[in-house]
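Undergrad: dropping a prediction and its sequence here:
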Amino acid sequence: MSKDLRNPLARARGLGSAKEGVSHWMLQRLTAVGLIFLTLWFVITVLSLIHADYATARASIARPWNAVMLIALIVTMFRHAVLGLQVVIEDYVHTRWLEVASLVAIKFIAVLAALSGVLAVLRIALGN
Amino acid sequence: MAQTGRPLSPHLQIYKWQVQMVSSILHRATGIINAVGSLIIVWGLASLAAGPDTFGTFTGIVGSPFGTVVMVGWTLNFFYHLCNGIRHLAQDAGQGYSIQSFVRSSWLAIVLAIVLTALVWGYILMGAHA
């Protein structure tokens, strides 16, 4: 028996055992809705530049609106990816140390990749 | 798995294959592949920032026959995850739960992904020959 004397509803109101309630679920969907627009914009942007030369492509990405949209895409995309990969790892990796190591690894990789992407966009946008 | 003695649900192989199972499994698989694909976006942006030579190497690899096959596959992968993701968002809002519409929307996501991939690559290849 649990020593917790609170009833289950009170515990649920305390956001459950992980203390984060539905925030994982909700953030997965919020980023999904954002990515509908951001990825479609990205596909159209890439298609408009696909036969362009280097200077044209670079100048286009350097435009403030495009740079902002790209940074938003990079951040949202990696956040969404980590949330999704986390669930897959938790569901299918049954060796505890491997599960934890994978969960940490995807977060490290995602943060490094996102920072690299943002830095690249800033270098293009700020012209160096 | 802990031996609890509780009854287990039948294993996946017991069930007859249905499109809803395929669309659900594909959503995870395509999500994992998209996560890897997001690294290609970062690679492309980093090489665009690095200069014409580095970017040329990137476009050379991506535009090679092997790279093109990967890109077409990734396009299909992406559009499937997009279409089925929108389907799941609608289901999260409580829509489309009857068996009939569940099956129909599964097929719709698959067919729409193929159509959008064909449109994108039709556009790219027509531009290449223009």
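TA: Nice, I can see it.

Undergrad: for the spatially most central residue of chain B, give me its contacts.
TA: Closest to where the C-alpha atoms of chain B average out (CA atoms, centre = their mean) is B:N77, at 2.4 Å. Neighbour list for B:N77: B:30, B:33-34, B:37 [criterion: CB atoms under 8 Å, 6 or more residues apart in numbering or on different chains]. Bear in mind the C-beta positions are built from the backbone N, C-alpha and C, glycine included.

Undergrad: please flag which of those sit within helices.
TA: Per DSSP state H, helices hold the following members of those: B:30, B:33-34, B:37.

Undergrad: closest to A:A57 among these?
TA: B:G37 (19.3 Å; CB to CB).

Undergrad: could you find the closest non-adjacent residue to the closest one?
TA: Closest residue to B:G37 apart from its sequence neighbours, by CB to CB, 6 or more residues apart in numbering or on different chains: B:W74 at 5.0 Å.

Undergrad: repeat for B:L112
TA: B:L112 sits nearest to B:C83 (CB to CB, 6+ apart), 4.7 Å away.

Undergrad: got it, and B:N34?
TA: B:H81 (5.5 Å).

Undergrad: that neighbour against B:A35, yeah?
TA: No: with contacts counted by CB atoms under 8 Å, B:H81 stays clear of B:A35, the gap being 10.1 Å.

Undergrad: counting neighbours, go ahead and name the busier of those two.
TA: More neighbours surround B:H81 than the other of B:H81 and B:A35, with 27 against 21 (other CB atoms under 10 Å in any protein chain shown).

Undergrad: dump the residue contacts of that one.
TA: Counted by CB under 8 Å, 6+ apart, B:H81 has contacts B:27, B:30-31, B:34.

Undergrad: let me know the closest of the residues you listed to A:A55.
TA: Nearest member of the contacts of B:H81 to A:A55, counting by CB to CB, is B:N34, at 30.1 Å.

Undergrad: let's verify the residue nearest to B:N34: helix, strand, or coil?
TA: helix (DSSP: H, G, I helix; E, B strand; the rest coil).

Undergrad: residue nearest the centroid of chain A?
TA: A:R79 (1.5 Å).

Undergrad: return the residues in contact with residue 49.
TA: With no chain named, the answer covers chain A. A:L49 sits next to A:56-57, A:60 when contact means CB under 8 Å, 6+ apart.

Undergrad: actually chain B
TA: With CB under 8 Å, 6+ apart, B:A49 has these contacts: A:119-121, A:123-124.

Undergrad: show me what counts as buried in the helix or strand harbouring it.
TA: B:A49 belongs to helix B:19-50 when elements are defined using DSSP states H and E. Buried positions in helix B:19-50, judged by neighbour count with 16 or more other CB atoms under 10 Å in any protein chain shown: B:19, B:23, B:26-28, B:30-31, B:33-35, B:37-49.

Undergrad: near chain A, which residues of chain B are found?
TA: B:1, B:28, B:31-32, B:34-35, B:38-39, B:41-42, B:45-46, B:48-49, B:52, B:55-56, B:78, B:82, B:85-86, B:88-89, B:92, B:120, B:123-124, B:127-128 (CB under 8 Å from any CB of the partner chain).
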